[in-house]
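Undergrad: I would like the atomic coordinates for the input below:
(4 chains)
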Amino acid sequence: MSRPATGGRGRWLLRRVAYGATAVWATSVVVFAATQALPSDPAMAILGGDATPESLARLRLDLGLDRPLWQRYLDWLGGVLTGDLGRSLDSGTDVATLLGGRIANSLALLLLALSVAVALALALGLFAALRRGGLADRVVTSTAVSLQAVPGFVVAVALIVLLATTVWPVLPAASLLEPGLSPFAQLHYLVLPALTLVVAETPYLLRQVRSSVVEALESDYATAARLRGVPERRVIWRHALPNGLVPAVQATALTTGVLLGGSLVVEVAFSYPGLGGALNAAVGARDIPVIQAAALLIAGGVVVVNLLADLVTVLLTPRLRTGES
Amino acid sequence: MTLLPRDRQVRAGALLTVLVVLVAVLGPVAAPYAADELVGPAYGAPAPGAPLGYDYLGADVLSRVLLGGRSLVLTTVCAAVLALLAGATIGMLAAWTGRLADRAVLWCADVLLAFPHLVLVLLAVSMLGRSRPLVVATVAVTLLPGTVRLARSLTLGVMRQEYVEAARLLGYPRRRILFREILPNVTTPLLVHLGAMLTWSAGLIAAMSFLGYGVAAPAADWGLMVNENHGGLRIQPWAVLVPVALIALFALGVNTLAEGLGRTVARVEEER
Amino acid sequence: MSAHPLLRVEGLRVALDIGPEVLSGVDLTLDPGEIVGLVGESGSGKTTLATALLGHARPGARITGGTVTVGDVEILGLRPRELRRVRGGLVGYVAQDPATALNPALRIGTQLAEMAAVHLRGREVTAEVGAALEAAGLPSDRAFLRRYPHQLSGGQQQRVLIALAFLPNPRLVVLDEPTTALDVTTQARVLASVREMCRDRGAAAVYVSHDLGVVRGLADRVAVMYAGRVVETAPLGALFSSVSPPGARHPYTRGLLAASPDVAVRGAPRPIPGHAPSVTARPPGCAFAPRCVAADALCRTETPGQVEAGPGHVVACHHPLSGAVVPSEAAVVQDVVGEPLLRARDVSFSYGSQRVLHEVSLDLREGAFHALVGESGSGKTTLARVLSGFGGNVTGDLSYAGEPLAVSGADRPAELRRRIQYVFQNPYRALNPRHTVAEILRTPIRHLFGVPGDEARRRALDALGRVALRPEIAGRRPGELSGGERQRVAVARALVCEPSVLICDEITSALDVSVQAAILELLTTLRRDGLTVLFVTHDLGVVRAVADEVSVMHRGRIVEHGRTDDVLDDPEAPYTRSLVTAARGAVRQTW
Amino acid sequence: MNSQITRRGFLGGAVLLGGAALVGCAPDAQRQQAASPGTLQDGTPRRGGRLRLGVVDGDRAGTLDAHKPLTIGSIIRGFAVYSKLWEWNAEMNWSPALAEETEANADATTWTVRLRQGLEFHNGKTITADDVIFSARRLTDPALGSPWAALLFTLDRERIDKVDERTVRFHFKDGKGFVPFPDTFTNFGAIVPVDYDPAKPVGAGPYKLKEFTPGQRSLFTRFENYFKDGQPYADELEIIDFQDEASRIAALQAGQISLANGIGADQVRLLQGDPRVSVVVSQTSNWQSFDLNLSKEPFRDERVREAFRLLTDRKELVERALSGHGRVANDLYSPQDPTFDRSIAQRPYDVERAKALLKAAGQENLQVELVSGEGGDAAALVFAAQAKKAGVTVTVKKVDAATFNGPRRLDWTMSTGGLLTESFLSSALHLDAPVSAANKTHFSDPRFTELFEQAITQPDVARRAELVHEMQRIQHAKGGLVIWGFNDALDAVSTGVGGVVPEHTQFATWRFEKLWVKETT
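TA: Sure thing, here's the model as predicted:
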C-alpha cells in the first residue's frame, strides 16, 4: 500500500481512487473480452439447435453481433456508465432488475457472514493470542487450520443434514427468499448459508488476528507499557489491539473478495438467489449481458472493498494518517 | 542442518503430506480394478471386496480413490509450481527493472486480484472447455498476483541489501546479480509460499470440481469423484467423503509443513 | 556503600526456556541516589539483568532463581497486582530503542496521562506531567502533547520515555542503553538531563551501556558484565585510574578499557583476542578464560567467586591483575605529504527534491588515513558513496590521480572500479548469506582479473590471511561467522580487488569495542602497507585513535578539516567545538 | 419438442441420473406401485392452499412468453398460464382441450378446429377464432424467432381461415397434407388474446400469473373461470427455481416445496425411506440414444453401425445410467404410437458378433470420440466401458449445453441424444425425416423419404401403419440412432399433495388443475 505522501491526505485519496478506477476499467475490458471469447454462437445457445436460420439471424442482429468489437465494447461501457446494463438474452428482462434483488441478497449474506466471522475471529484470535502457546491456543489454532482445509460444499452439506433435514431439522434447507422482501426480514433463510461462509472464512481471519495480536503483545511498546506498571488489561485493549487490528483490516478485505466469489458454492448448495449463482447460470446460458454485469459488479466490489480497507488502515495508523513529519 | 525432526509441526505436516502422496503415487499399483471398470451396483454400499462401496456408475470407489490421487496431486502441484515459477520470474524482473514496468506489473496484479478465484475459473473454463492443462493454467493464474507481489517485495528487500549494492559496484553482469546474488535469497520464503499455494490450489480444485469445472471424466481424479458423486452424498457418502478427506488432508499436510518450515527457517535466520 | 542499600540483587538467574542460562547468578547492590553503570558487550546479559530488576523476562526466557529487593520490597515474589504498582512506581524503566518503545498509535499526551492514571492517583496530574516533561527538556504545551511518536525526533522520543519513567518519582530508574541510537551531541544533552533528574528527584539509576565512555561521564560506580556474570564492580575513580594502582583488576575490564578509544588521548585501541561466547555456547569455568592471557587450568574448570579488591571494589577472577595498567602505545602519527589521490570539487547530491550535499570539496591524499566525521544526517555516508561511485543525482567534479572520474561506477573503467573499494557499515547485510566466504572472495577476483580457479583460490586465501582470518573460514557462510569475522571478510573482499583507496563507511559502528579495536588495528596495518583510507565515523574517539586527517561534516557541508590533533585539540568551527565538547564532556564531567 | 427440450427435460429430470442399486428387473406395474404407496388413494380433492413445485432449470432464468419457452422451467410455467387447443392425455396422445372438435380432411391438407363455447381468458375476454389465428400466426412469425416454429414449417400462415367466431381452418404450404398437426401444435400452441403482451402474459391456463422473478420463482393464483369445471383446486401455485438437485431434494424433505418434477433417478433411494415424500414413477417413451454421424467415418460403414448397436449392453445401461428406472429399447422411437411395429425383434447384446463385424469392416482397435451433453455423460461412460470389451476405445468428451447445441452440433461424430415422447411422425420431423431440423445422424435414405412423404399425408392409422412399419425396418437396419432405453419420469411428491397420478408422460406434476393441497399441510 502506498503511503499518503507529504502532498496531503486529499491528494492521496484522489490518487488511490483514480488507481481503483483504472483497475475497475481494466476489469471491464477483461470481462468484455472474456464474454466475446466464449465459444459457440450466443444466438444459437439461446434459441437451441432446432432454431431456423432466419430466427438465428434475427437474434444475431438484435444482439448486435454484426458490429465491430470495439464499437460493442464502447456501447456497453457507455451503457454501464449511464446505469444501463442491457437486457438479459435469456429472460429478456432488464439486467439491472434481474440482478438488483440478487445484489441485495448477496450483500446481505456477505454482511451477515462477514460480521459474524470478523466478530468470531476477533474473539477467538484474541483469546488464542492471550493464551499463546497454551492448550487453548493450540486447540483453537489447530481447529482453525483443519477447518480451513475442509471444502465449502462439504460444510454446506453437513450443515443441511445436521440442521435442516435429518438430525435436528430447525432451519430451511434451501434459501427460498421471498423476492419482494428485504433479506434481513427473512433471516432464517440466511442462517445456514451464512454459517457455511463463517466456517469457511473465520479460520483464516482468526489466524491473522492471532498472529498480529501476538506480535503487538510481544512488541517493545507493549513490554515497555508493562514495565511502566500499566495493567495487562489496558496493555491488551489500548496498546496491543489497536495496532494488532490493522493487519486484520487488510485480511478482512481479502476475505471479502473471496466471499464475493466464493459464495458461489454456497449459493448453489443452498439455492440462495445471489450474484454468484446468477453469474454461474449466466455463463452456462451464455447470457452475455448478465455475465458482464455480474462479473463487473463482483470485480468492482472487490476493488471498492480494497480501497475502503486501505482507507481504514490509514485512519487507524497515525503514521499514515498524519503523513511524515 | 537437520530441520526436519526438530519441529513437531513440521513433522506432523510432513507425515500427512507423505501419507497422501504415497496413496497417490503407489495407489495405482494397489488398485484392484481399472478406473472405468463398472463392477458393482450404482451407489452400491460397501461390500466385501469393495470396502468403500461403488460410485454413481458402479465403479469401485477404492480403486478410483487409489487411481485418482496421482492426477489431483499432480494437478495441484503443477498449478502451484507454475504459479511459483511464473510469479517469481515476473515479480523479480519487475522489481529489478523498476519504474514503469514495475508499476505496470503491480497494476496488472491488482486487476487480476479483483477477480475472485472462482469467477476467473468460471470464465476461463467456459471459454476454453474442461481439460487438465486448463485447470492447471487457471489455478496458476489465480495464484499468480499474490506470488508476483511477494516475489517483487522480496526482491526489492534483497536489492536493498548491501551485498547487492556491492555486486553492482564491482560491475558484475546483471544476470549474475539476479541469479547468483538475489535469487538464492528469495527462494526460501518463496518455497514457504509454495506450501500455502498448494493448499489454496487443492481447495480451489475441490471447489471447481463441485461446480463441475474440474477435470473431465472418465479419468480417475479425486476432484472429479467429488463432482460425480456429490448428488449421492447422502446415499453413498464414501464416494465423496474419502476423496474430499484426502484432498483436505493433503492441503492440511502441505500447509502445516510449509508453515512449520517457514517458522523454522525464520528461527534459524534469527539465530544467526 | 551504605548498610541499607536501595537495591540488592542476589544470585539472580535467568534461563532460556530451551535450557541455557543468560544470567548465571548475578549479585549487585545500589545505594539510594547512586548511579551505577552496567557495562558489557553484546550477549553479556546486561539487558536481561535490566528487565529482571523489574521482575520481567522476555518471552522465551524466565527468572529461575535469586532475589531482587528494592527498598524492602522483594520484587520477584510479588503477585501480579503488586508487581504492577512496583513497576513504574517504585522502579522506572527506559527502554533502548525509543522508536519502538512508544506506542505508535497513541498520542504523547495519552501515554503520559496513562502513566499518571496508573501511578499518580489523586495528585495534581497536569502539573506533574508538565514538570516531568520540562525536566526532561521537552515542551509541555498542548500541541506537543497531541503529537504522535513518529512526529518527534529520536532525541525527543527518548526524552519522552525518560519523562514517563521519572513521572511517578520512582526510587530507582533502569535505563537500558537509552542513548545508543542518538548522536553525540544529543546524547550528551540527554545524559545531562538524566543526571539532573536523578539528582533532583533523589532517584538511583542503573544505566546499561556497551560504551565505557558514556558510563564514565555519568556513573558513580561501574559494574562490568561478561557472559551472564558481573565480573567486576568498582567505583568509577578506581576503575579508570591509570595512574594510581590498582585500577581495574579483571583482565576483561582491562581489555575493555584498552580497546575503547578516547577522544582525549591519542592511542591505538588494543583488541581483546577472540570474541564473546554466545548464550548457548558459554564455556565452563571462567567464561573469559579462552580469551584471557592469564588463564590457567583452574580458570577453565572453576567459576571464580567474588573477591574484595578495594573499598567498594569487587572482582570475580582467580588471578586478578594487580600491576599498573600499561598505557596504550601512542599511535604512529604521520604527516601526510602525498599528492591528493581522490578529489571532490563542489559536489552536490540530492534525493528527489531534497539536497543533502552542498558543494562539498574534499582531498584525499595518497597514503592518508582520513576520517570523515559527522552526526547522522550530516551527509558523510552520502559523500562516501558518491566517491565510491554509487551514482545518483550528483553534480560537481571528481578526479582520481589527476584524471576526471565518472560519478557513476558503471561509467568508470574497470581499472578504476577496482582501485576504489567501498566497505559497508553493516557486516550482517554486506555479505550474501547464501554464499560461502570462498565464493564471496573468488567472484570479484574472477570478475576483475579473469584468473583461473586455482589462482583465484590462492588469492582468496591470501586475502583471508591479510585480514587475520583462518583459512578454514573459506568454506563457511556469513551466518556461521561472528560480526567481527564478517567485517573482516568484507574488508578481504575489498582487498582482493587490490585497491588503492579503501572507503570504510562506519564499518565498526555495529561491532563491540573489543572487536572494533581489532578492525581498527587491521586498517592501520593495511594503511601502513600503502593503502589510502577514507574512514567515515561518528565517533571522535576512533578519529583520534587512528586518523591522520579529519574532515568534519555538518548538514551537508564540510565545516572544518585538517590534521586530526589540530582539529580535535583546537577546533575552529563552532560545530566542531560542540562536537568535541560533547565527546569530552561525556568523559570528563565527573573529574 | 426437440433434442434441446429433451436435454432440458433431463436437466429437470435425468441430468443427475446416476446409478442407484441394481434393483433387479421387476415387472413394470409392480415397480410402479412399489415406489409410490401413498399417492394413489388420495381421497376427495379440496380447494385452497398453495402448491409449491421446485424445478431445476439448468442455468436458465426462463421467460413467460407463450410461444418461446426455451427451458423446462418456462414450459412448466406455460402449463400453468396457458391452455392449448389440445392437450396430452395420460397415454401421450392428443385429446381436445380448448378445442371441442378437430377434423382433418381425407389427405390432411386442411384441419378444421372448433372452440368450446364460453371460453374466457384470465382478463375476462372471450376466446374467439381471431385469438386462435393470432396465436398460430404469432408462433410461426419469423419476427418472433421462436425455435418451435420449425416444426410447423409447412403451416401456411397466410391461409388460416376464420370460418365463424369459434371455428378456424388451417391450410398447409403447397397444398400438402400434414398429419401430425395437433402433435406439433399442442406443445407450444398456447392460445393467447390478440392483444397479447409477453410482459404481462394473459392466457387461459388454470393459474394466473401474480409475480415472476426470473431464475428465482414465480407465483400464480387460481383462474376461477378455467374451462374445466371445478378446477383448479389450490388457491396459489408457486414454481421455484433451483440450481442444484441436492438442494431441491433437501428442500422437499424439509417441507419447503411439495412437488419436485423429474428428479434424478439416483435420488429415489434417498427418498424411499422418507415418510414425508413419495416418488411417483411414470413409464414414458422418452428415449435415450447414442447418435452416430453417418456422414463421417467410421459410421459410413453399415457394419460398424450394426456392431455399435450389438455391443451396447442396454440392460446394463438402464441399470446404471437410469438407476434401473427405465426399459430397454430397440433402436426405434415412439412405441406408444399406434403405428409402431412391434414385430421387429429386439436387437441382442452380442459382443462377439460386434467384434466380427468390426473386423470385417477393417475397424479393429477403433477409436471414437463420444461427445456428451449435460446429463448424457453417465450413459456415455457406461457405454465407453462396454465398448472396451469389444476392443473399441471410446473417449468421452463432456461439453456444456451451450457448446453441445452450438454451431458444431451437427458435426459430432458420435454424441448422446434422446427425445421426449412424441408421435412417430413428429419425432421423425425432428430427427431423420428429409426435412428434419436437427438431423444429427445425417441419415438420408431415398425409400425412407418416399415413405415419409406418403405417411405424413395419410390420416388413416391402419394405412399409415404399413408405411411406418417399412420406415422402421429401414431405421432399424441402417439408421444412425442407437436407442438403448426409455427412462421413467420420476416425480417426488410430498404426502400433503393430492392428485399426482402415474401416467405415461412426464406431466404428472404439471397438470396443475388436478393437483390439490391436503388439509394437514
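Undergrad: rest of the way, CA atoms for contacts and neighbours
TA: Noted.
Undergrad: touching, residue D:98 and residue D:116? I think so.
TA: Yes: checked against CA atoms under 8 Å, the pair residue D:98 and residue D:116 is within contact range at 5.9 Å.
Undergrad: who has more neighbours, the two?
TA: For residue D:98 versus residue D:116, the count of surrounding residues by other CA atoms under 10 Å in any protein chain shown is larger for residue D:98: 22 against 18.
Undergrad: ok, the closest residue to that one other than its chain neighbours - how many residues close by?
TA: Of all residues not flanking residue D:98 in the chain, residue D:85 sits nearest, at 4.6 Å (CA to CA, 6 or more residues apart in numbering or on different chains). Neighbours of residue D:85 under the rule other CA under 10 Å: 25.
Undergrad: mind showing which ranges of the stretch 151-300 of chain A have poor pLDDT?
TA: Low-confidence segments of the stretch 151-300 of chain A, defined by pLDDT under 70: A:165, A:179, A:261-262.
Undergrad: which residues of it lie near chain C?
TA: Along the stretch 151-300 of chain A, the residues adjacent to chain C under the rule CA under 8 Å from any CA of the partner chain are A:218-224, A:226-231, A:239, A:242-243.
Undergrad: helix, strand or coil for residue D:255?
TA: Classification of residue D:255 by DSSP: H, G, I helix; E, B strand; the rest coil places it in coil.
Undergrad: for the spatially closest residue to residue C:135 that is not a sequence neighbour, what are phi and psi?
TA: Excluding the flanking residues, the one nearest residue C:135 by CA to CA, 6+ apart is residue C:197, at 6.6 Å. Per-residue torsions, residue C:197: phi -60, psi -40 (degrees, to the nearest 10).
Undergrad: tell me where the model's unsure across chain D.
TA: Residue ranges of chain D with pLDDT under 70: D:1-42, D:58-61, D:437, D:520-521.
Undergrad: what's the longest helix in it?
TA: Counting by DSSP state H, the longest helix found in chain D is helix D:461-478.
Undergrad: likewise for chain A?
TA: From DSSP H, the single longest helix across chain A is helix A:95-130.
Undergrad: report whether that one contacts chain C.
TA: No: using CA under 8 Å from any CA, helix A:95-130 stays clear of chain C, with a minimum separation of 13.0 Å.
Undergrad: which helices and strands does the helix or strand following that helix pack with?
TA: The first helix or strand that comes after helix A:95-130 along the chain, using DSSP states H and E, is helix A:135-148. Judged by 3 or more CA pairs under 8 Å, 6 or more residues apart in numbering or on different chains; DSSP states H and E, helix A:135-148 is in contact with helix A:95-130, helix A:187-217, helix B:238-271.
Undergrad: among the residues of the stretch 151-300 of chain A next to chain C, name the buried ones.
TA: A:219-224, A:226-231, A:239, A:242-243 (16 or more other CA atoms under 10 Å in any protein chain shown).
Undergrad: which ones among those residues lie within helices?
TA: Checking these against DSSP H, those in helices are A:220-224, A:226-227, A:242-243.
Undergrad: now do the SS call for the residue of the stretch 401-550 of chain C found nearest chain A.
TA: The nearest approach of the stretch 401-550 of chain C to chain A comes at residue C:510, 20.8 Å away (CA to the nearest CA). Secondary structure, three-state DSSP: residue C:510 is coil.
Undergrad: quick check, it in contact with residue C:426.
TA: Yes: with contact defined as CA under 8 Å, residue C:510 reaches residue C:426; the gap is 6.4 Å.
Undergrad: more neighbours: which of those two?
TA: When residue C:510 and residue C:426 are compared for neighbours, residue C:426 comes out ahead with 21 against 16, by other CA under 10 Å.
Undergrad: OK, contacts around the more buried one?
TA: C:487, C:507, C:510 (CA atoms under 8 Å, 6 or more residues apart in numbering or on different chains).
Undergrad: phi, psi for the residue nearest to residue C:292 when sequence neighbours are not counted please.
TA: Excluding its sequence neighbours, the residue lying closest to residue C:292 (CA to CA, 6+ apart) is residue C:251, at 6.8 Å. Residue C:251 adopts backbone torsions of phi -60, psi -30, taken as degrees, to the nearest 10.
Undergrad: and residue C:251, how far from chain B?
TA: Residue C:251 sits 28 Å away from chain B, going by CA to the nearest CA, to the nearest Å.
Undergrad: for burial, what's the neighbour tally of that residue?
TA: Close neighbours of residue C:251, defined as other CA under 10 Å, add up to 24.
Undergrad: surely it is in contact with residue C:291?
TA: No: the pair formed by residue C:251 and residue C:291 falls short of the contact definition of CA under 8 Å, at 9.4 Å.
Undergrad: could you report the pLDDT at the residue most central in space within chain B?
TA: The centroid of chain B falls nearest to residue B:198 when counting by CA atoms, centre = their mean (2.7 Å). pLDDT, residue B:198: 85.
Undergrad: can the host helix or strand of it be found next to chain D?
TA: Using DSSP H and E, residue B:198 sits within helix B:183-211. No: figure legend: helix B:183-211 not in contact with chain D (CA under 8 Å from any CA); closest approach 9.8 Å.
Undergrad: mind giving me the packing neighbours of that helix?
TA: Packing contacts for helix B:183-211, counted by 3+ CA pairs under 8 Å, 6+ apart, involve helix A:152-160, helix A:241-270, helix B:61-97, helix B:117-128, helix B:132-159, helix B:222-229, helix B:238-271.
Undergrad: so which bits of it are buried?
TA: Neighbour-count burial for helix B:183-211 flags B:183, B:185-186, B:189-211 (criterion: 16+ other CA under 10 Å).
Undergrad: for residue C:108, which non-adjacent residue is closest in space?
TA: Distances taken as CA to CA, 6+ apart put residue C:145 closest to residue C:108, at 5.2 Å, once the chain neighbours are dropped.
Undergrad: would you mind giving the ones in helices among the buried ones among the residues of the stretch 151-300 of chain A next to chain C as CSV with distance to chain D added?
TA: Shown next, in CSV, are these (distance: CA to the nearest CA, whole Å):
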residue, distance to chain D
A:220, 53
A:221, 53
A:222, 51
A:223, 53
A:224, 56
A:226, 55
A:227, 58
A:242, 43
A:243, 44
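Undergrad: what is the nearest of those residues to residue C:398?
TA: Nearest to residue C:398 among those: residue A:220, at 45.1 Å, using CA to CA.
Undergrad: what about residue D:472, how many neighbours?
TA: Residues near residue D:472, counting by other CA under 10 Å, number 20.
Undergrad: how far off centre is stretch D:203-213?
TA: Distance of stretch D:203-213 from its chain centroid, counting by CA atoms, centre = their mean, to the nearest Å, is 23 Å.
Undergrad: that stretch vs chain A: in contact?
TA: Yes: Stretch D:203-213 comes into contact with chain A (CA under 8 Å from any CA), by way of residue D:213.
Undergrad: list the buried ones in that stretch?
TA: The neighbour-count check on stretch D:203-213 (16+ other CA under 10 Å) flags D:203-209, D:212-213 as buried.
Undergrad: quick one on the thing from earlier: angle of the helix holding residue B:198 against helix A:152-160?
TA: Here the directions of helix B:183-211 and helix A:152-160 differ by 50 degrees (axes from the mean of the first three to the mean of the last three CA atoms, to 10 degrees).
Undergrad: helix B:183-211: how far from the chain's middle?
TA: Using CA atoms, centre = their mean, the offset of helix B:183-211 from its chain centre is 4 Å.
Undergrad: how much space separates the residue nearest to residue C:108 from residue C:138?
TA: Counting by CA to CA, to the nearest Å, the gap from residue C:145 to residue C:138 is 10 Å.
Undergrad: again, but for residue C:408
TA: Remark: distance between residue C:408 and residue C:138 (CA to CA) = 44 Å.
Undergrad: what's the closest of the buried ones among the residues of the stretch 151-300 of chain A next to chain C to residue C:370?
TA: Checking those one by one against residue C:370 (CA to CA), the nearest turns out to be residue A:220, at 39.0 Å.
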